[in-house]
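Colleague: All I have is the shape, not the residue letters:
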């Protein structure tokens with residue numbers, strides 16, 4: 001009888017433990033791991049309130065003169081007074097993308113492991129924000145900026161090999177990369193460490209999911225069978241450049257010395273703080289494909305490939321010379 005009673009009590013305890021665990025998981029999915037209800041004192045609340053009014057995020061000094069802006073001073077103050085738990089809570093849960101980025105940068109400096117967890121957990125944070133650092137101003141999603149800042153500066157922040165692998169896996173094995181800006185994808189692939197376990201996934205991204213940026217990662221492995229893939233892409237870049245050149249030529253012939261109106265991709269207006277989500281890559285943009293070919297070739301220099309793209313000299317000597325050097 002006593003054994004049955006003990007067994008019954010053990011089952012109840014087990015169910016309570018499971019229930020508590022599931023409850024914590026549920027809260028975690030709503031933006032709390034690092035928290036649920038995390039208290040913020042008045043000083044932190046005031047700093048956060050001021051940051052939440054900003055429409056762009058200053059990741060460092062701004063402008064040619066290297067000005068330290070009031071916003072950066074606010075962020076720096078937040079990093080000094082907030083605990084790691086408070087920063088993590090703000091990085092995941094605050095409605096302002098500027099506050100989420102500010103808290104994330106503070107975590108990168110203080111605890112890159114927690115910052116990596118935040119980047120992975122918040123990988124669907126596609127809220128757009130203008131980010132200014134030095135003389136560079138660009139639009140990026142919160143997720144993009146956290147991932148690229150950690151990946152490119154992993155040595156500076158002291159990111160562990162384990163966390164680096166987790167970030168790579170989040171980028172490669174979850175279907176979120178199609179939401180990233182094209183330049184961001186190129187940089188992520190350039191910073192990717194060519195680990196054996198990534199190779200097949202990169203091939204799948206390129207061949208089945210038509211992500212042309214995966215070729216940059218594939219080139220790092222320098223495997224002979226992939227040379228055909230690279231030469232095919234190089235030939236496609238030449239064809240697209242020739243088509244672009246022919247279109248320009250027809251415009252010149254049509255308008256003569258008059259005004260020529262060409263369709264160009266919309267560029268970021270640095271005076272406009274409104275950021276739009278990135279356009280999906282079609283894989284048929286001449287400059288985009290050419291850029292991937294150049295970056296891929298830089299990781300796998302090959303004389304045969306350089307001969308194939310020799311016609312590029314006619315259209316863009318500068319890009320052709322970059323292949324040679």
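Modeller: Looks like it arrived, so ask away. Because the structure is a prediction, the values reported are computed rather than measured.

Colleague: got any ranges where the stretch 1-150 of the chain has weak pLDDT?
Modeller: Along the stretch 1-150 of the chain, segments meeting pLDDT under 70 span 1-36.

Colleague: what about 90?
Modeller: The stretch 1-150 of the chain contains residues with pLDDT under 90 at 1-38, 60-67, 123-124, 126, 133-141, 144, 147-148.

Colleague: which residues of it fall in helices?
Modeller: Counting by DSSP state H, counting those that start in this stretch, the stretch 1-150 of the chain has helices at residues 2-29, 42-52, 70-81, 84-93, 97-110, 112-121, 142-152.

Colleague: Present the ones you listed as JSON lines; the columns should include distance to residue 226 and mean neighbour count.
Modeller: Quick note: C-beta positions are derived from backbone N, CA and C, even for glycine. Listed next are those as JSON lines, based on distance: least, Cβ to Cβ, whole Å; neighbours: other Cβ atoms under 10 Å:
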{"stretch": "helix 2-29", "distance to residue 226": "39", "mean neighbour count": "10"}
{"stretch": "helix 42-52", "distance to residue 226": "46", "mean neighbour count": "16"}
{"stretch": "helix 70-81", "distance to residue 226": "44", "mean neighbour count": "17"}
{"stretch": "helix 84-93", "distance to residue 226": "38", "mean neighbour count": "22"}
{"stretch": "helix 97-110", "distance to residue 226": "34", "mean neighbour count": "24"}
{"stretch": "helix 112-121", "distance to residue 226": "29", "mean neighbour count": "22"}
{"stretch": "helix 142-152", "distance to residue 226": "23", "mean neighbour count": "23"}
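
Colleague: Nearest residue to the middle of this structure?
Modeller: The residue lying closest to the centre of the chain (Cα atoms, centre = their mean) is residue 144, at 3.2 Å.

Colleague: Distance check, that one against residue 128.
Modeller: Using Cβ to Cβ, to the nearest Å, residue 144 is found at 9 Å from residue 128.

Colleague: quick one: residue 238 and residue 311 touch, right?
Modeller: Yes - if you go by Cβ atoms under 8 Å, residue 238 and residue 311 touch, sitting 5.3 Å apart.

Colleague: When those two are compared, which one has more neighbours?
Modeller: Neighbour count, other Cβ atoms under 10 Å: between residue 238 and residue 311, residue 238 has more, with 21 against 14.

Colleague: Next one: the more buried one from residue 61, what distance?
Modeller: Using Cβ to Cβ, residue 238 is found at 42 Å from residue 61.

Colleague: before we move on, what about residue 215?
Modeller: Note on residue 215: its distance to residue 61, by Cβ to Cβ, is 35 Å.

Colleague: got the contact list for residue 44?
Modeller: For residue 44, the contact set (Cβ atoms under 8 Å, 6 or more residues apart in numbering) comprises 78, 81, 82, 86.
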